[in-house]
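[1] Here is my input, please return the structure:
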Amino acid sequence: MPAVSKGDGMRGLAVFISDIRNCKSKEAEIKRINKELANIRSKFKGDKALDGYSKKKYVCKLLFIFLLGHDIDFGHMEAVNLLSSNKYTEKQIGYLFISVLVNSNSELIRLINNAIKNDLSSRNPTFMCLALHCIANVGSREMAEAFASEIPRILVAGDTMDSVKQSAALCLLRLYKTSPDLVLMGEWTSRVVHLLNDQHMGVVTAAISLITCLSQKNPDEFKTCVSLAVSRLSRIVSSASTDLQDYTYYFVPAPWLSCKLLRLLQCYPPPEDGAVKGRLVECLETILNKAQEPPKSKKVQHSNAKNAILFEAISLIIHYDSEPNLLVRACNQLGQFLQHRETNLRYLALESMCTLASSEFSHEAVKTHIETVINALKTERDVSVRQRAADLLYAMCDRSNAKQIVAEMLSYLETADYSIREEMVLKVAILAEKYAVDYSWYVDTILNLIRIAGDYVSEEVWYRVIQIVINRDDVQGYAAKTVFEALQAPACHENMVKVGGYILGEFGNLIAGDPRSSPLVQFNLLHSKFHLCSVPTRALLLSAYIKFINLFPETKATIQEVLRCDSQIRNSDVELQQRAVEYLKLSSIASTDVLATVLEEMPPFPERESSILAKLKKKKGPGAVSVTDLEDSKREGGELNGGGDRGPDTSSTPSPSADLLGIRAGPPVGTAPTSAGSLLVDVFSEAGPAAPSAAVHDDGFLRFVCKNNGVLFENQLLQIGIKSEYRQNLGRMYLFYGNKTSVQFASFATTVSCPGELQKPQLNVQTKPVEPLVEGGAQIQQVLNIECLTDFSDAPLLNIKFRYGGALQNLTLKLPVTINKFFQPTEMSSNDFFQRWKQLSQPQQEAQKIFKANHSMDTEVLKAKLLGLGAALLDNVDPNPENYVSAGVIQTKGQQVGCLLRLEPNAQAQMYRLTLRCSKDSVSRRLCELLAQQF
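    Next up, the predicted model:
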């Protein structure tokens, strides 16, 4: 780039900047700026033509004034005129002014585009770079339309200079990020990929950023980059620092390029070519070996560059999850960082080990560092590091160490930072439930949790302990005894009172034989907390009192006296007053039989997905990597976290508006006896016919259109849970088969078939075999790998056969694999959305359905379902704020199908109008059929 001569110093600009800096007040600064603006305006409007130097000087002044925060409404044309100059400094200032001040809607954009075209065709590398930088800085759709086809040609041309290639690659990347639909590589794909073999390292570094972004959207088109990336990485890793002298950073050869190559490889599965895979494994082993070598420099830059490559290599090893030796070595290397003096390294090590803990190959290796992680939780000064330590303990927990980890987390909760207490509470509750060795330990843990961090125990947590106590006869007496003792503390948290009121109201009779916990003692203990509680808790206690009248007739007079007092029947709160009046009347006029019927013990709760786990995932956020997402499917036990949202019934719960009865989930099914198996799998059991049948069961199919986890099927013998994850056109499904009986299942076998049109084929489903024997109360896991080849409508079928007590059982289920599972969300502005909507205007591209609402029209529920669909939910796009719009691209191996969705609810009529427009008509129809049944 040409040097700036002394004549380009622009003395007038330097004087103006000096004057501004010397201003004593804001008023003086504004006065000086206004004076200068008037002078510049008069110069631009004067009869005398300005030379290039003067224009450049005045445009620079305007740019400086704009950067001070003042509006500039003139001078744009003079800046455009500078673009036609043959002097570098004048052209540079013109492009700088345009990049900063000209927006994409400017009327001058056509003139600017013409000047840019002239510079791109000039073959002057300096002018070409300036033009490319301007395109990238502005990045408007107009510029993408004008230059998206020109820039790839410049990028791959043989006579283009290396500096221009670098600028062209980064410019194209910017345009692809802003307008991906306009940047079509097509014929240029293979030539862009081969830039990885370019001799100039700067070109390779710029090109790989572009290729990585393109690969994430179109992996199949760029899959040839894998072998080239491995080859380039191998050359860098095996080179000495002197071989790449110009690109060596503190004795580390090309660290930025190495990191980008490793990141590119994470877009693809392990190479199928044995030679390429072997070479890549050698590279990764070399990187791990170099991490063990003594540092070549004591400078922090050396260790930073070295560790950056190491962490990207470990991320790639975790991504492949197929090399046990490398996974264990990576774990050991990270373990060394856990006690490193550098806080950032400890943080990154803990974060990476969270992911390693979810691999079946490295889970045991991660567990060996449990004491170090516990120490980090207790002693780390940085709260973010302590939070990662808590995440890692959560991820490494299994049946062998659950008690130790839960105890440590409970201990830490007493002094934990307020910002992470709620998340810690949820994790303790989930682990206690998931790995409970016995139910009494679970009850003790949750009550301790309420005692230690009651303010952070959400309703989901105490609802959950009540559900489990109600569903387990063997723990009800222990729970009643334990909660009675906990309530005797002088200061009880209100959540403890809620749990105590509910459990004693239901099962107080189980401990009433002890004089120390007689019915009257129980009532007096609960009532002593009454005046300290909030209105919802008082409402729950009133419900407990009426239950006491049914359980203990001898307390009737005492309780009626409490209900009859003015503070109850004339309470200012309508809910409390109504309960007191109705309960008093019920206890007075109802016979013993009627009272026993109305106030009978709560039935077992039906199974529903755990609301605690759902809340933890929601707290983590949609973009965060949560250890809950993968860990359950890969480690010992692999249980599903069953359970529900449902809390106590309306006669005992504070909030009449909450969905505690599970009304929105459909009517409960009759319950079957629970086994002594997994707490998570078999907390709630639904009875169903156990007779052998080859009919297809698709009852649970539609429930999984907008979610990926839950219980797919359950009868008296077998429970089948499902957990799935999808990325682009690939999916992985984990099936969990739980034996609910105490008798072994023999000859257990499963097959997956693709009926109808799927045999073309449209889906490729690969299954791993399952164990032929399933012990009583045990659970086994099966993994299915799914590849979407093209769009489809029929789902694959799962056939299960096994022998139970000598009788052959035959079961066929429809697997919840639907076309929307392969959605990739697409963010759009309002203009882009409706412009694309108009482009998809052919009749066959649209599918529309008007239907009556089948479920509650709650806003949050609708949003959750639309997000679960897989497309991006776009805010502030539709002119009607009541409507919902979504956009996404369905990824198949053969093509991409763009989809736009518009849902228009009519709350008054309880109706919906659903409109889908897709680039392929069969996808529009299928999505419309599926979604119309979800709302």
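[2] and V897, what does it touch?
    791, 889-890, 918-920, 923 (C-beta atoms under 8 Å, 6 or more residues apart in numbering). (Each C-beta comes from the backbone N, C-alpha and C, glycine too.)
[3] mind listing which of these are in helices?
    Those of the contacts of V897 mapping onto helices are V923, per DSSP state H.
[4] Settle this for me: Y583 is touching L542, isn't it.
    Yes: counting by C-beta atoms under 8 Å, Y583 does reach L542; the two are 6.2 Å apart.
[5] residues bridging contact with those two, i.e. touching both?
    L563.
[6] ok, now how distant is the closest residue to F935 other than its chain neighbours from F851?
    Take F935 and drop its neighbours on the chain: the residue closest to it by C-beta to C-beta, 6 or more residues apart in numbering is Y912, 5.5 Å away. Noted for Y912: a distance of 6 Å to F851, by C-beta to C-beta, to the nearest Å.
[7] With neighbour numbers in mind, choose between these two.
    Y912 (21 against 13; other C-beta atoms under 10 Å).
[8] What's opposite the more buried one in the beta bridge?
    F851, P905 (DSSP bridges).
[9] Next one: it, what pLDDT does it get?
    Y912 carries a pLDDT value of 86.
[10] Surely G868 forms part of a strand?
    No: per DSSP: H, G, I helix; E, B strand; the rest coil, G868 lies outside any strand segment and is helix.
[11] low pLDDT regions in the protein?
    Across the chain, the ranges flagged by pLDDT under 70 are 1-9, 47, 104-106, 241-243, 607-695, 699, 755-760, 806.
[12] if I pick L13, what's in contact with it?
    So L13 contacts 57, 60-61, 64 (C-beta under 8 Å, 6+ apart).
[13] any idea which of those has the most stuff around it?
    K61 (22 neighbours).
[14] Okay, buried residues for whichever strand or helix holds S543 please.
    S543 belongs to helix 535-551 when assigned by DSSP states H and E. Across helix 535-551, burial judged by 16 or more other C-beta atoms under 10 Å covers 536-551.
[15] Then stretch 339-355?
    345-355.
[16] cool, and stretch 15-28?
    16, 20.
[17] Kindly report the same for stretch 236-254.
    So stretch 236-254, judged by 16+ other C-beta under 10 Å, has buried residues 236-237, 244, 247-254.
[18] quick one: secondary structure of I93?
    helix.
[19] who's in contact with it?
    56, 59-60, 63, 79, 82.
[20] Now compare those and name the two farthest from each other.
    L63 and L82 (11.5 Å; C-beta to C-beta).
[21] between those two, who's got more neighbours?
    More neighbours surround L82 than the other of L63 and L82, with 23 against 19 (other C-beta under 10 Å).
[22] Skipping its backbone neighbours, what lies nearest the more buried one in space?
    Closest to L82 by C-beta to C-beta, 6+ apart is G94, at 3.0 Å.
[23] ok, T379 to F74 distance?
    62 Å.
[24] Sorry, wrong one. I was asking about D791.
    54 Å.
[25] So between the two, which is more surrounded?
    The neighbour comparison of D791 against F74 (other C-beta under 10 Å) goes to D791, with 19 against 12.
[26] Name the nearest residue to that one, sequence neighbours excluded.
    In space, D791 is closest to V923, 5.1 Å off (C-beta to C-beta, 6+ apart).
[27] That neighbour reaches I819, doesn't it?
    Yes: counting by C-beta under 8 Å, V923 does reach I819; the two are 6.3 Å apart.
[28] Give the residues shared as contacts by those two.
    With C-beta under 8 Å, 6+ apart as the test, V923 and I819 both reach 791, 890.
[29] Give me the more crowded residue out of these two.
    Taking neighbours as other C-beta under 10 Å, V923 and I819 compare with I819 leading, 26 against 23.
[30] quick one: contacts for that one?
    Here I819 is in contact with 788, 791-793, 890, 923, 926-927, 930 (C-beta under 8 Å, 6+ apart).
[31] Nearest to I151, out of those: which one, please.
    Of all the contacts of I819, I151 sits closest to I890, with 28.5 Å by C-beta to C-beta.
[32] Now do the contacts for that closest one.
    Here I890 is in contact with 791, 819-820, 822-824, 896-897, 899, 918, 923 (C-beta under 8 Å, 6+ apart).
[33] How far off centre is stretch 15-29?
    50 Å (C-alpha atoms, centre = their mean, to the nearest Å).
[34] how close does the residue nearest to L702 when sequence neighbours are not counted sit to A491?
    Leaving aside its sequence neighbours, L702 sits nearest to Q933 (C-beta to C-beta, 6+ apart; 5.4 Å). Using C-beta to C-beta, Q933 is found at 51 Å from A491.
[35] Understood, closing this out.
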